[in-house]
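J.: Quick one: sequence plus predicted model below, questions after.
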Amino acid sequence: MSKVNLDKIDSQYYDVLREIGNIGAGNATTALAQLLNMKLDMRVPKVDLVEFNKLAETVCGEEEIVVGIYLFLEEDVKGSMMFLLEEASAHALVNHLMGREVGYSQPFNEMDFSALQEIGNIITGAYLSSLSGLTGLFINASVPYMTLDMAGAILSVPAIEFGRLGDKALLIETEFGDDIEINGYFILIPDMESYDVILSSLGL
Amino acid sequence: MAEMIKVGMADLKVCPPPNSITTLGLGSCVGIALYDPVTKIAGLAHVMLPDSTQIRNNENKAKFADTGIVELVNKMVISGANKRRLVAKIAGGAQMFAFSSSSKSDMVRVGERNVEATKKVLKSLNIRILAEDTGLNYGRTVEFYSETGDFVIKSVGKPIKTL
């Protein structure tokens, strides 16, 4: 039986999970800033316990078009992770990488998608390596899967995965931004046993 | 004044005329619109998983195709719909990510399994499916209009469909 009950999660656990989100997103932001060779700032992350029917609207609205990058976690921490990037932000990042002018917004071509995939790789990799370093746990990630669609449709995938266990999901949500406005969200979705593993690795 | 009733994920609602009912951003979930053409009472369920008997935590009936559809029928009958007249239009059940076959097998086909389970439950209740827009790899927003029985489907970068 899992020690962590999401309906009765206490503030100490929240603080720890928020801090994990904070450090992970911080590392991811640094990695992205290096890739783009520009300055990026990160906002303080939110940790929320959200019911499924409010999941997408809590993040950014069900019909908001986003790029979704999804990967499975294996080994010590099991579950999945999702990184969402608003469409406008995705365009801004790709334009910067491809050396296009600001404001170019033609539909993404194959090259753009592979650039986004690489951005997703770097961001999620940096996030997970900091989680791994912080906890001393071995975390192996699957290849990332990517798509562009409505946030509600994309979020249905982790919601279903998590929905086998309960009616709520724990969102660790981080936004980062800069002069070229980038809105992205990390959602870490460990399975219930992995909450215990993460928390006990930190001595809780 | 007709209003648009909103149904969330793992949720179901009845829609009395002249209102319409919607659910936004269906991915691998399935949206099941039921309709009694005589009373014009409609209902919409947004189910996430095929089978409640496979899951320990199954109190939320609207989450599963098997219990969700039965619950929606019951609620519509209480509102005055005739069970024998009900017809269905369904959408959703997409595979949002192109998972490789080596990844978790139950995740790979969850959209498809939701559609299969939905059809099985509707068949067992003798509810005919008039139209469907299911599968493939993109999200759908659906709207059902109780006055006309129209089921409108909107997707990113695709023309609006009316079933």
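T.: Yep, it's here. This structure is a prediction, so every number in the text was calculated from the model and none was measured. Numbers count the residues shown, from 1 in each chain, chains lettered A, B, ... in the order given.
J.: Where does pLDDT dip in chain A?
T.: Residue ranges of chain A with pLDDT under 70: A:1-10, A:44-45, A:52-53, A:165-170, A:172-174, A:177-181.
J.: same question but for chain B, I mixed them up
T.: Filtered on pLDDT under 70, chain B yields the residue ranges B:100-108.
J.: Mind doing that once more with 80?
T.: Chain B contains residues with pLDDT under 80 at B:1, B:55-58, B:99-108.
J.: Could you pull out the helices in it for me?
T.: Using DSSP state H, the helices of chain B run over B:65-78, B:105-108, B:110-124.
J.: how about the residues of chain A near chain B?
T.: Proximity of chain A to chain B, by CB under 8 Å from any CB of the partner chain, involves residues A:52-56, A:62-63, A:65, A:68, A:70, A:72, A:107, A:142-143, A:145-157, A:159-161, A:163-167. C-beta: built from backbone N, CA, C; applies to glycine.
J.: Pairing partners for the longest strand seen in chain A, with directions?
T.: Longest strand in chain A, counting residues (DSSP state E): strand A:65-75. Pairing partners of strand A:65-75, with direction, according to DSSP bridges: strand A:79-86 (antiparallel), strand A:139-141 (antiparallel), strand A:145-150 (antiparallel).
J.: export those strands to TSV and tack on distance to A:Leu40?
T.: Below are those laid out as TSV (distance: least, CB to CB, whole Å):
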stretch	distance to A:Leu40
strand A:79-86	13
strand A:139-141	22
strand A:145-150	21
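J.: Now tabulate these in JSON lines and tack on mean neighbour count.
T.: Output for the strands paired with strand A:65-75, formatted as JSON lines (neighbours: other CB atoms under 10 Å in any protein chain shown):
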{"stretch": "strand A:79-86", "mean neighbour count": "23"}
{"stretch": "strand A:139-141", "mean neighbour count": "18"}
{"stretch": "strand A:145-150", "mean neighbour count": "23"}
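J.: okay if I get the helices of chain B as TSV plus distance to chain A and mean neighbour count?
T.: Shown next, in TSV, are those (distance: least, CB to the nearest CB, whole Å; neighbours: other CB atoms under 10 Å in any protein chain shown):
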stretch	distance to chain A	mean neighbour count
helix B:65-78	12	20
helix B:105-108	6	14
helix B:110-124	6	20
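J.: closest one to A:Thr30 among the ones you listed?
T.: Evaluated with CB to CB, the helices of chain B place helix B:105-108 nearest to A:Thr30, the distance being 31.2 Å.
J.: For chain B, what lies in contact range of chain A?
T.: Residues of chain B lying near chain A (CB under 8 Å from any CB): B:8-11, B:24-29, B:48-49, B:55, B:57, B:59-60, B:63, B:94, B:96-100, B:103-104, B:107, B:110, B:137-141, B:156-157.
J.: among those residues, which ones are buried?
T.: B:8-11, B:24-29, B:48-49, B:60, B:63, B:94, B:96-97, B:99, B:107, B:110, B:138-141, B:156 (16 or more other CB atoms under 10 Å in any protein chain shown).
J.: Would you map the strands across chain B?
T.: Going by DSSP E, chain B shows strands at B:4-6, B:11-15, B:20-26, B:30-36, B:41-47, B:87-92, B:128-134, B:140-145, B:150-154, B:161-162.
J.: Tell me which residues are up against the fourth one.
T.: This means strand B:30-36. B:7, B:21, B:23, B:41-47, B:65, B:68-69, B:72-73, B:76, B:81-82, B:85-93, B:111, B:114-115, B:118, B:122, B:127, B:134, B:140, B:142, B:144, B:146, B:149, B:151 (CB atoms under 8 Å, 6 or more residues apart in numbering or on different chains).
J.: So what does residue 40 have for phi and psi?
T.: With no chain named, the answer covers chain A. Phi and psi for A:Leu40, reported as degrees, to the nearest 10, are phi -130, psi 140.
J.: you looked at the wrong chain, it should be chain B
T.: Main-chain torsions, B:Lys40, degrees, to the nearest 10: phi 60, psi 20.
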